[in-house]
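> sequence and predicted structure are below.
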Amino acid sequence: MSTTVKKTKPKTSSDLKSLIKFSLKNLSSLFKPVSLFLKPYLKPVIVKKDYYLTKLTKHLYHYLFEPIDDWIIYPLELKLGKRRTKRLKTALKYTLPSLILLTVATIIATSIVNRLTTKSYQLPVSIQAMIGEPDTNLMKSDLSYNPKTKTYYIDKSGIGAKYQPTTSSSITIGSKSNSAFSLVIPTNIHQGFTTYDNTSGLSFTLTPQFDANNGKLVNGHLVYPMGLGTTKDVYTIKANGLQENIVYGSAPTGTIKLSYKLTLPTSLEAKMM
C-alpha cells in the first residue's frame with residue numbers, strides 16, 4: 001500500500017499576499033479622489049505633450065531618417081545586397097537614437113556648466129560694498145593687460161627694477177610722487193602676485209597654494225572663483241597696494257585652511273604684525 005503526500009503552501013504565505021493586496025487596494029483608493037480632481041488639469045498637458053512628441057517624431061523621420069534612407073541606405077543596398085543592408089539598418093536603428101540622446105545630454109550639461117561658471121564670477125552689490133571700491137583713477141591711468149601672458153599690470157615701468165643698496169639703516173617705501181608701486185596680477189592664480197616698490201627696487205611675490213579658476217575683471221575687481229559655488233578669491237587694486245578678500249556665500253562649516261607661499265629677496269624679511 002502506497003500513499004502520496006501532496007505538498008501545500010504555508011497558510012502564512014497566502015495570508016501575507018492577501019494582506020499586501022488589501023493594503024495596496026486601500027492605498028490606491030486613498031489617492032483616487034486626488035487623481036480624479038487633477039484629471040481635468042493634467043489631461044490638456046498630457047494631450048499637448050503627446051501632440052508635440054508626435055510632431056517631433058514626424059519631423060525627425062522626414063528631415064533625418066528619410067534622407068539617410070534615400071542617400072545612404074538605398075545606394076548601399078544596391079552595392080552590398082539586401083542582407084548586409086538589413087544589418088546596417090539594424091545598427092543605425094539603435095545607434096542613431098543613442099547618438100541623438102548623447103548629443104542632447106551633452107548640450108544640456110554644457111549649458112548648465114556654462115551658466116554655473118558665469119554665475120560664479122558675479123559679485124553682488126552687498127559684497128562689493130563690503131570689499132570697498134577699487135582705485136579707478138589708478139586703474140584708468142596705469143592698468144594694462146597682456147593677452148599673450150594673460151596677465152594684468154599696474155605701472156609696468158617699475159617691473160623688473162633692481163634693488164639699489166644704501167648705507168641708510170632704513171628704506172622709505174613708496175616715496176615717489178608718481179607711481180609708488182607696480183603690480184603683476186596673473187589670471188592664473190598659481191603664478192603668484194608680485195608687488196614692486198618703484199623707489200627701492202624691492203619686490204615680493206605671494207602665491208596662493210589653493211585651487212581657483214582663472215581670474216576675470218568684474219566691476220573693477222579681479223575675481224577668482226574657487227569652484228562653481230559662491231566661494232571666490234577677490235583682488236582689489238587700491239591706492240596703497242593690492243587688497244585680497246576671500247568671499248563666502250554663507251558661513252563655512254568646520255575649519256578652513258588657506259596656504260600661501262611668500263617669495264622674498266635676501267634683503268627683505270617677513271614679520272608678523
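Noted; the coordinates are in hand. Numbering: from 1, shown residues only.
> for Tyr145, which non-adjacent residue is spatially closest?
Among residues not flanking Tyr145 along the chain, Tyr152 sits closest, at 5.3 Å (C-beta to C-beta, 6 or more residues apart in numbering). For glycine as for every other residue, the C-beta is placed from the backbone atoms N, C-alpha and C.
> part of a helix, is that neighbour?
No: going by DSSP: H, G, I helix; E, B strand; the rest coil, the assignment for Tyr152 is strand, not a helix.
> pLDDT value on Ile237, please?
What the model reports as pLDDT for Ile237 is 92.
> what's the closest non-adjacent residue to it?
Here the residue nearest Ile237, using C-beta to C-beta, 6+ apart, is Pro134, at 5.1 Å.
> what sits against the one you found?
Shown in contact with Pro134 (C-beta atoms under 8 Å, 6 or more residues apart in numbering): Gly220, His221, Thr236, Ile237, Lys238.
> which residues pair with the residue nearest to Tyr145 across the strands?
Tyr145, Ile185 (DSSP bridges).
> tell me, how many residues neighbour it?
When neighbours are counted by other C-beta atoms under 10 Å, Tyr152 registers 21.
> separation between it and Ile108?
According to C-beta to C-beta, to the nearest Å, Tyr152 and Ile108 sit 35 Å apart.
> pull stretch 106-125 out as CSV, backbone CA atoms only.
Written as CSV, here are the backbone C-alpha positions of stretch 106-125 (Å, rounded to 0.1, in the frame of the first residue of the first chain):
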residue,chain,number,x,y,z
THR,A,106,26.0,67.0,-23.8
ILE,A,107,24.3,70.3,-24.9
ILE,A,108,22.2,70.4,-21.7
ALA,A,109,25.2,69.6,-19.5
THR,A,110,27.4,72.2,-21.3
SER,A,111,24.7,74.8,-20.9
ILE,A,112,24.3,74.1,-17.1
VAL,A,113,28.1,74.2,-16.6
ASN,A,114,28.4,77.5,-18.5
ARG,A,115,25.5,79.0,-16.5
LEU,A,116,27.2,78.0,-13.2
THR,A,117,30.6,79.2,-14.4
THR,A,118,29.1,82.7,-15.3
LYS,A,119,27.3,82.8,-12.0
SER,A,120,30.5,82.0,-10.0
TYR,A,121,32.1,85.3,-11.3
GLN,A,122,29.2,87.5,-10.2
LEU,A,123,29.8,90.0,-7.4
PRO,A,124,26.6,91.1,-5.6
VAL,A,125,26.3,94.7,-4.6
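> quick one: buried residues of that stretch?
Ser120, Tyr121, Leu123 (16 or more other C-beta atoms under 10 Å).
> you'd agree the second one is up against Asn214?
Spelled out, it's Tyr121. No: counting by C-beta atoms under 8 Å, Tyr121 stays clear of Asn214, with 9.9 Å between them.
> got CSV for the buried residues of stretch 106-125, with distance to Thr95 too?
Formatted as CSV, those follow (distance: C-beta to C-beta, whole Å):
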residue, distance to Thr95
Ser120, 37
Tyr121, 39
Leu123, 46
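> could you dump those to CSV with pLDDT?
Conversion of these to CSV gives the following (pLDDT from 0 to 100):
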residue, pLDDT
Ser120, 86
Tyr121, 89
Leu123, 88
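> among those residues, which are in helices?
Among the buried residues of stretch 106-125, DSSP state H puts Ser120 in helices.
> for the chain, which segments count as helices?
Counting by DSSP H, the helices of the chain are 11-60, 66-68, 74-80, 82-120, 125-131, 136-142.
> with only the CA atoms kept, save stretch 254-273 in CSV.
Provided in CSV are the C-alpha atoms of stretch 254-273 (Å, rounded to 0.1, in the frame of the first residue of the first chain):
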residue,chain,number,x,y,z
GLY,A,254,34.4,73.3,10.1
THR,A,255,38.0,74.6,9.8
ILE,A,256,39.1,76.5,6.7
LYS,A,257,42.8,76.4,5.9
LEU,A,258,44.3,78.6,3.1
SER,A,259,48.0,78.5,2.5
TYR,A,260,50.3,80.9,0.6
LYS,A,261,53.9,80.9,-0.5
LEU,A,262,55.8,84.1,0.2
THR,A,263,58.9,84.7,-2.0
LEU,A,264,61.3,87.4,-0.8
PRO,A,265,64.7,88.7,-1.8
THR,A,266,67.6,88.2,0.6
SER,A,267,67.3,91.9,1.6
LEU,A,268,63.8,91.5,3.0
GLU,A,269,62.4,89.6,6.0
ALA,A,270,58.8,88.8,6.8
LYS,A,271,57.4,89.6,10.3
MET,A,272,54.0,89.1,11.9
MET,A,273,52.2,92.3,12.8
